[in-house]
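Asks: Sharing a model that was predicted from the sequence below.
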Protein chains: 2
Amino acid sequence: MSHLSDDELRTLDAHWRAANYLSAGQIYLLANPLLTEPLRPEHIKPRLLGHWGTSPGLTLVYTHLNRVIKARGLDALCVWGPGHGGPAVLAGSWLEGSYGETYPDVSRDAAGMERLFRQFSFPGGVPSHVAPETPGSIHEGGELGYSLAHAYGAAFDNPGLLVACVIGDGEAETGPLAGSWHANKFLDPAHDGAVLPILHLNGYKIANPTVLSRLPESELDDLLRGYGHQPIHVTGDDPAAVHQALAAAMDDALDRIAIMQETAREGGVTERVHWPVIVLRTPKGWTGPAEVDGEPVEGTWRAHQVPLAGVRENPEHLRQLEAWLRSYRPDELFGSDGRPTADVLACVPEGTRRLGANPHANGGLLTRELPLPDLDEFAVPVDKPGTTLHEPTRVLGDLLARVMHDTRLRRDFRIVGPDETASNRLQAVFGASGKAWQAALLPVDEHLERHGRVLEILSEHLCQGWLEGYLLTGRHGLFSCYEAFVHIVDSMVNQHIKWLKTSRELPWRAPIASLNYLLTSHVWRQDHNGFSHQDPGFVDHVLNKSPEVVRVYLPPDANTLLSVADHALRSRDHVNVIVAGKQPCFDWLSLDQARAHCARGAGIWDWAGTESGGAPDVVLACAGDVPTQEVLAAAQLLRRHLPSLAVRVVNVVDMTRLLPREEHPHGMSDFEYDGLFTADRPVIFAYHGYPWLIHRLAYRRTGHAQLHVRGYKESGTTTTPFDMVVRNDLDRFRLVMDVIDRVPGLAVRAAAVRQQMADARTRHHAWIREHGTDLPEIADWTWTA
Amino acid sequence: MSHLSDDELRTLDAHWRAANYLSAGQIYLLANPLLTEPLRPEHIKPRLLGHWGTSPGLTLVYTHLNRVIKARGLDALCVWGPGHGGPAVLAGSWLEGSYGETYPDVSRDAAGMERLFRQFSFPGGVPSHVAPETPGSIHEGGELGYSLAHAYGAAFDNPGLLVACVIGDGEAETGPLAGSWHANKFLDPAHDGAVLPILHLNGYKIANPTVLSRLPESELDDLLRGYGHQPIHVTGDDPAAVHQALAAAMDDALDRIAIMQETAREGGVTERVHWPVIVLRTPKGWTGPAEVDGEPVEGTWRAHQVPLAGVRENPEHLRQLEAWLRSYRPDELFGSDGRPTADVLACVPEGTRRLGANPHANGGLLTRELPLPDLDEFAVPVDKPGTTLHEPTRVLGDLLARVMHDTRLRRDFRIVGPDETASNRLQAVFGASGKAWQAALLPVDEHLERHGRVLEILSEHLCQGWLEGYLLTGRHGLFSCYEAFVHIVDSMVNQHIKWLKTSRELPWRAPIASLNYLLTSHVWRQDHNGFSHQDPGFVDHVLNKSPEVVRVYLPPDANTLLSVADHALRSRDHVNVIVAGKQPCFDWLSLDQARAHCARGAGIWDWAGTESGGAPDVVLACAGDVPTQEVLAAAQLLRRHLPSLAVRVVNVVDMTRLLPREEHPHGMSDFEYDGLFTADRPVIFAYHGYPWLIHRLAYRRTGHAQLHVRGYKESGTTTTPFDMVVRNDLDRFRLVMDVIDRVPGLAVRAAAVRQQMADARTRHHAWIREHGTDLPEIADWTWTA
């Protein structure tokens, strides 16, 4: 018994053949797109670039998604894991008309088809991968591993959405993808949409078979069941049979999903559900050349990129290409005007239901302003700087709890973190939302909730991928992470920044909420974890990337953190990196002062310095909470021991302010910079991270030769907070010594003071070995002017 | 029927109790280690730091591994995934005596026990995690995700070795760990050792239950079978029953392993085997306080770190701690001199069979010189620079093939890569060794081999983890990777560099072979992959790390690549990053010239410049293959158009030469630097990566204000090689314009030449839009003096 009628089968196959034709055409053809004349070398592109191997599998899924979307009236998008098969997705979009609506010159006719072919992988054209330029995409098809995490991110809090996700068997070998399968324990059938993973086994990567394709089917079945799925297997190389089987599989999967959602939504059942997964096993490079130059190609890794490589020079290759293209019978698929026939378009849905036109895949269209409360309610009172202590992230936690509460009905705000929300002192949010959890519950559990919007799993990759998918589909969020281990997602953030950079250049892509990092449990306070948990280099990493996108903030206390976070949560199309402490930290600025300071991004703290008109003798600059404390303590020591020295204290919140104005939108002019740091006085800069970063930002400045930076220099272990700064020469005593060493004439005059500072360091070393704690004078220190 | 006799049970339990006592003692006690007097506040550490929760599980495994090692005469090591439970592993090592042999002051007696306790997480003491300082360890217990990959790396080519690997259920949630299970498809039962994964489900992370612990056992069983394992489940909270069950499980697993190895080795059977895995389910913080302040602790996440936090101040906590410690009955376990009793030591193996004394875990003891051939055999002939072309990585491939061949019996050299060995043009190695593959084989397969030593899987994490494990156990290797995607392992390389930095400071740790990266398919030649595949920032990333460890090389041609690779493969305790092209590249230097040039690390290429005594008018500097070509082409244009201009060409191979001598062992003195770059002439530096890296390296130099750097500035897409350099202002024409703009007085004199250069760029833009290829004059360019 057939699942599809003959009519359905014929029209689906026509759509698939058309998409395959267009895919191959993009890789090869410069001209003669409809093969109205015999193929000649000059019709062929001079550089043949693209990935054919995965394309016929992607077109097949596009065709069959079209069918079920239309038949069931689904709101659906698809994440194309093997997005290096860009031609397939471009073909699907062009056929349904969404491409021509987005790019009117690539119209759905012969002229548009020629442009579609020519532009592909052509200089000034479109990338060979699925990319921001591709309508309907939220997932770059370059780096592999993140498709399934993106799909889940898109599905969270989108109860009406189906997110299909094609996972290549190459990508399936990556760690992040392997870990992503467990995301189903976090998907709420009541308030979230559905994810339908389609594991596409075409058997090969660039040059090797894939692991999953070489397992016995029963073993793969065990694996997917162990991941919590119900597998549905579709295997074949006969198109008609595969059409029937895949259509049946999709209907089966969608029926099951509908029942599961209904049971949860109407029945109120909260048992974990075992979502379907489709395993689609078809040949790599299916319908392409079976053999080339005597070697098998279809169904092998040789089909990965361009199966016929010598088409311009080799008449036999040219002949094979023509036969291949004509095997799709283009004259049945396109009119002489190049328009697809009614059969080809029979399966295509309408309007925003088309995969290339779904607004969820251009999430900025759906992004609403986040309801952010008045900061005054959350600010800590600061009458005098440096006398009270707060844990900055805990203060932020209260604000985030309010945002979580105020979005409880809209459900468009999430917090993600690798098991660290409470460790990072944000636990107030649990008063407004629990942690998403669909697996078994025990009486001892706290804050776990079937419908929770805090996502915690011990995988930075999943946190990052979920949040990216969530933001790209028009929502808001925050990733709270241990500072050192955000490097785990370096490569993912690279790709997201590239995505945002490109999207900003596309007028049709609406701006999305920024990706906000709260990096805490930072390098200076790894009292019990030590060296392995110390790495402040993520700032360096992101500052290599597009300046339009990247923002880096180091708020020195609770109120500045509030101000910076408020700004980040309102912003669009940025990656905001906020580094802040979770340990008790002195309050330096009132909220009003904090707002003004953060708006400037860097400023003089008059109350901390001793200058009185004219240029100071020395500038003590700082960025980061611990360096700020040490600079303030050093300023106090200088005030006491060298009262006639004119000291200026400068705090930097927004690191990109240090860059020249031409290099970053936040960059300072030289006039501004010199106004803060002077053009000729020694600047002792205490920085949170690797010291040379400051030089890399400021090397063009007039006074750069006078800039002396202290920071983390990979000297760490399990020890006390003050010992950490001493080990890295960032402590108050060392900073005073630096001032004495750098201010002309001071070395002699202040030799005794310098010795006192050196003695204090010696005292520290002796005390800590004996007691294992910081000197009482350090532990009890507070600021006094 | 019991598996263990009463005697065995009693002595095993004694060892376990002793290890638990020592674990808790490390977290809490400063003094009174044997509880010879009632516990008082002053016996307690002022800062309580450490992770109790995982410790009793680790001690249990230590105890039972001791038993089977001794009973079966095994050569074994253990990778402790939850290595943040450092006290447990330190306890095991101290009990067996390997700790006291490594650190004689921490002897196996009362005084040593007091030192063991005091030093733990104490300033100047030892880290709280398993670390390089821990005897028997090859795996830092900080960042999670890599234990199983390290275990496989240790087992490869170690047929006599058993590598046990404890995987925590927190770590099991990470992507890299989830992907690592499939490593069993690459482990050869004939030539490799065995890996015995022990999945330890104690149910909780820092603040949450774990995913795997909350699956029904049948679902977890499916998952592990799907991963290709035979699971053996051990569950309980009654010590005697768990001892019996775990002992039986270990014997069962080891019996199966022995049969599988025998079948492969003696029977010659090459079917894939399904290795056993032990699933050990015991309470978190087992045997610790059941409740604290009215909240359940044992068996919950509250046991994760320090279960009793207020011991110094809170008499009830102090009482509970004393009761907890005495529950192990220390007087039965240790004599009054602090020495463990015979019962405690009954299970402990002898000599190098002890886990803390196995030489595989101090791999440098076993590292042999790699047989490296004479480079002359592999060098390309260069009579005149810039006239012939070679693919540098292909030339290196021939050398690596020889090394692979010459180690065919020793089996101590491996190449790892994510499906890219052939793509990176190293396929000559397949002539000497195939790719390891234990899954199904098909007739179409090429170069797959049951006993192969090339490891390819589409997971940079696994490649990195495998190679680290392999090197740490005394072997050699190379990781060939696409340049952009090595960022996937940024965080792993951080940890390896930290490991090496610390190891170098430990006299008992013998130096191991360096971790060598060949980064190719680099930023400038992503002709078909485009923007997503462009990222040269790994160099920036590693240069933030310890200078003793990090080396970065950018050989500009085939012979320099040979020389650099030869040096890297001979080196010890480094991370060597080599960035080299795989596309045809001009040969600039003969092998002798290359050797001399690489030995200097940076040098003047006289033949390319036009200076003749005295200081040059301008320096054209370059690092990287593509920048070198553009600089040479620019030098040629200057020679033709401005013959009287004295141009010097400097090529930099070793990037760290640019650093000051005080900051890196390879750094140049200012005298050397000025000799190359001058102190006052304009330097136009064409660099492979992000341009500000050069400023970060050279900002202290006298002539820094005259340094002008061109490099990659995130401007990329799918396009031609020359268009890439034009887009990033690194092209020959732009470099000539830079020279004209920077050399005093040249702007007027050379205005016409400057216009010619600008015209050439315009011509390029027009041509490429029309033809999709580079201008013929660019494509056909060769060097002529």
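Replies: Looks like it came in fine. Numbers count the residues shown, from 1 in each chain, chains lettered A, B, ... in the order given.
Asks: so who does the closest residue to chain B within the stretch 1-150 of chain A touch?
Replies: Residue of the stretch 1-150 of chain A nearest chain B, by C-beta to the nearest C-beta: A:Gly142 (2.6 Å). Backbone N, C-alpha and C define where each C-beta goes, glycine included. Going by C-beta atoms under 8 Å, 6 or more residues apart in numbering or on different chains, A:Gly142 touches A:Gly83, A:His84, A:His129, A:Ala131, A:Gln495, B:Asn529, B:Gly530, B:Phe531, B:Ser532, B:His533.
Asks: Centre of the chain to stretch A:40-54, how far?
Replies: Relative to the centre of its chain, stretch A:40-54 is centred 33 Å away, using C-alpha atoms, centre = their mean, to the nearest Å.
Asks: And for stretch A:18-29?
Replies: Between the centre of stretch A:18-29 and the centre of its chain there are 32 Å (C-alpha atoms, centre = their mean).
Asks: again with stretch A:382-392
Replies: 34 Å.
Asks: avg pLDDT for that stretch?
Replies: Averaged over stretch A:382-392, pLDDT sits at 96.
Asks: Show residues contacting it.
Replies: A:380-381, A:425, A:555, A:557-559, A:561, A:580-591, A:593, A:607-608, A:625, A:632, A:782-784.
Asks: which ones among these are found in helices?
Replies: Members of the contacts of stretch A:382-392 lying in helices (criterion: DSSP state H): A:Ala558, A:Asn559, A:Leu561, A:Leu591, A:Gln593, A:Asp625, A:Leu632.
Asks: can I get those residues in CSV with distance to B:Leu215 and pLDDT?
Replies: Shown next, in CSV, are these (distance: C-beta to C-beta, whole Å; pLDDT from 0 to 100):
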residue, distance to B:Leu215, pLDDT
A:Ala558, 41, 98
A:Asn559, 45, 98
A:Leu561, 38, 98
A:Leu591, 47, 98
A:Gln593, 52, 98
A:Asp625, 41, 97
A:Leu632, 51, 98
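Asks: Out of these, who's the most crowded?
Replies: A:Ala558 (32 neighbours; other C-beta atoms under 10 Å in any protein chain shown).
Asks: can you tell me how far A:Gly285 sits from B:Ala752?
Replies: 54 Å (C-beta to C-beta, to the nearest Å).
Asks: Of these two, which one has the most company?
Replies: Between A:Gly285 and B:Ala752, A:Gly285 has the larger neighbour count (other C-beta under 10 Å), namely 27 against 8.
Asks: I figured that one hits A:Val297, correct?
Replies: Yes - between A:Gly285 and A:Val297 a contact is recorded at 6.3 Å, counting by C-beta atoms under 8 Å.
Asks: residues shared between the contacts of these two?
Replies: Common neighbours of A:Gly285 and A:Val297 (C-beta under 8 Å, 6+ apart) are A:Ala303, A:Pro307.
Asks: all helices of the stretch 401-550 of chain A, in order?
Replies: A:460-472, A:490-504, A:538-543 (DSSP state H, counting those that start in this stretch).
Asks: again but with the stretch 551-700 of chain A, I slipped
Replies: Using DSSP H, counting those that start in this stretch, the helices found in the stretch 551-700 of chain A span residues A:558-570, A:591-600, A:625-641, A:670-677, A:692-698.
Asks: if we look at the last one, which residues are touching it?
Replies: The contact list for helix A:692-698 (C-beta under 8 Å, 6+ apart) reads A:539-540, A:543, A:623, A:655-656, A:658-659, A:673, A:685, A:687, A:704, A:707, A:709, A:711, B:544, B:692-693, B:695-696, B:699.
Asks: number of nearby residues for the closest residue to A:His567 other than its chain neighbours?
Replies: In space, and not counting its chain neighbours, A:His567 is closest to A:Cys598: 6.9 Å by C-beta to C-beta, 6 or more residues apart in numbering or on different chains. Residues near A:Cys598, counting by other C-beta under 10 Å, number 24.
Asks: Show the contacting residues for A:Cys598.
Replies: A:Tyr553, A:Pro555, A:Thr560, A:Ser563, A:Val564, A:His567, A:Val653, A:Asp654.
Asks: same deal with A:Leu254?
Replies: Taking C-beta under 8 Å, 6+ apart, we find A:Leu254 in contact with A:Val68, A:Arg72, A:Leu74, A:Leu162, A:Leu196.
Asks: near chain B too, which of those?
Replies: Near chain B, judged by C-beta under 8 Å from any C-beta of the partner chain, there are no entries from the contacts of A:Leu254.
Asks: since we're on the residue in the stretch 501-650 of chain A positioned nearest to chain B, how many residues are nearby?
Replies: Chain B sits closest to A:Ser532 of the stretch 501-650 of chain A, with a gap of 2.6 Å, by C-beta to the nearest C-beta. Counted with other C-beta under 10 Å, the neighbours of A:Ser532 add up to 28.
Asks: any idea how far it is from A:His487?
Replies: For A:Ser532, the distance to A:His487 - C-beta to C-beta - is 12 Å.
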